[in-house]
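Asker: the amino acid sequence is not available; the structure is as follows:
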């Protein structure tokens, strides 16, 4: 049993290492907004935050809530691991928040493009793999759904990554045999491997060829198979511009309520609106008995 657990942990580590090595993309940390409003018990997290026309529009997942600026006590902005709190929404603070929101929108747009790419498709297939057994089940599903092409689309990049890793370690050992400084340079500064290959071709040529074969496998698995057989994620026709995304967030949406400062049942127009306010808006007084059902006499009978 202990041997089985060790094998599973080793498999999990290897698969995780391969996925990370194969699909690493240098993406900056996403911008985060935290909105503090009057009557709220804690700051509301917003994926996007736009301040315009004396309104603060907080978008969280698919829900958009508008607050009057008089309700806003402050905004915390976290960007590039640095946090800043604006207790007063001066014109300069509003401009900075809106600029950060544009960067957050662009970041989300880039992530979406990556997710819709062939590499993103492959990552979606591999991210739930925790062990070799999961990998075998994934291979079986790919074969049943897409045939041999589907299996190769998943496994060729993994095999290729192992070849690249083996070639790099082989090259590292060859560099260490020549001199310890060569080994350290190739380990810390990977581009030094090219200089080592040029100066010590006899020692480096075989590991270099192994790495090239691995790179060919990776490329073949990701890009050379027919899209209709292995790539089901359809890209949207035409990329939506950043300005259109901002306009979409700012545009009032039908069939959705927003926090407009209402606090009492007499100000509600329906049970649905009362339930929305109770769930999303701070400072409301519409559930006197705290049973989770608002405005029981007027609307939610």
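Answerer: Okay, I see it. No experiment lies behind these values; they were computed from the predicted model shown.

Asker: show me where the stretch 1-150 of the chain has its strands.
Answerer: 32-37, 44-46, 48-52, 55-60, 63-68, 72-79, 82-86 (DSSP state E, counting those that start in this stretch).

Asker: dump the ones you listed to a markdown table, plus mean neighbour count, distance to residue 295 and mean pLDDT.
Answerer: Glycine gets a C-beta too; all of them are placed from N, C-alpha and C. Output for the strands of the stretch 1-150 of the chain, formatted as a markdown table (neighbours: other Cβ atoms under 10 Å; distance: least, Cβ to Cβ, whole Å; pLDDT from 0 to 100):
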| stretch | mean neighbour count | distance to residue 295 | mean pLDDT |
| --- | --- | --- | --- |
| strand 32-37 | 20 | 21 | 88 |
| strand 44-46 | 18 | 23 | 86 |
| strand 48-52 | 20 | 30 | 90 |
| strand 55-60 | 21 | 24 | 88 |
| strand 63-68 | 18 | 19 | 85 |
| strand 72-79 | 18 | 26 | 89 |
| strand 82-86 | 12 | 35 | 88 |
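
Asker: can I get those in a markdown table including distance to residue 203?
Answerer: Below are these laid out as a markdown table (distance: least, Cβ to Cβ, whole Å):
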| stretch | distance to residue 203 |
| --- | --- |
| strand 32-37 | 49 |
| strand 44-46 | 55 |
| strand 48-52 | 54 |
| strand 55-60 | 57 |
| strand 63-68 | 61 |
| strand 72-79 | 47 |
| strand 82-86 | 46 |
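
Asker: nearest to residue 98, out of the ones you listed?
Answerer: Comparing the strands of the stretch 1-150 of the chain by their distance to residue 98 (Cβ to Cβ), the top pick is strand 48-52, with 6.2 Å.

Asker: give me the helices and strands touching that closest one, please.
Answerer: Secondary structure elements in contact with strand 48-52, counted by 3 or more Cβ pairs under 8 Å, 6 or more residues apart in numbering; DSSP states H and E, are strand 32-37, strand 55-60, helix 91-116, helix 242-250.

Asker: relative to residue 300, which of the strands of the stretch 1-150 of the chain is closest?
Answerer: strand 63-68 (20.4 Å).

Asker: hmm, back to that, what's the least confident stretch among the helices and strands packed on strand 48-52?
Answerer: Between these, the one with the least mean pLDDT is helix 242-250; it has a mean of 56.

Asker: can you name the residues in contact with the helix or strand following that one?
Answerer: Heading C-terminal from helix 242-250, the first helix or strand you meet, by DSSP states H and E, is helix 271-280. Outside of helix 271-280, the residues within contact range by Cβ atoms under 8 Å, 6 or more residues apart in numbering are 63, 65, 257, 259, 262, 265, 268, 284, 286-287, 292, 294-295, 299-300.

Asker: for the record, mean pLDDT for helix 271-280?
Answerer: Helix 271-280 carries an average pLDDT of 84.

Asker: what comes up buried for it?
Answerer: Residues 271, 273, 274, 275, 276, 277, 278, 280 are the ones in helix 271-280 that count as buried (16 or more other Cβ atoms under 10 Å).

Asker: now, which of those residues sits nearest residue 56?
Answerer: Of the buried residues of helix 271-280, the one sitting nearest to residue 56 (Cβ to Cβ) turns out to be residue 280, at 14.0 Å.

Asker: distance of that closest one relative to residue 64?
Answerer: Distance, residue 280 to residue 64, using Cβ to Cβ, to the nearest Å: 10 Å.

Asker: for the chain, what are the low-confidence residue spans?
Answerer: For the chain, the stretches with pLDDT under 70 are 1-30, 115, 224-256.
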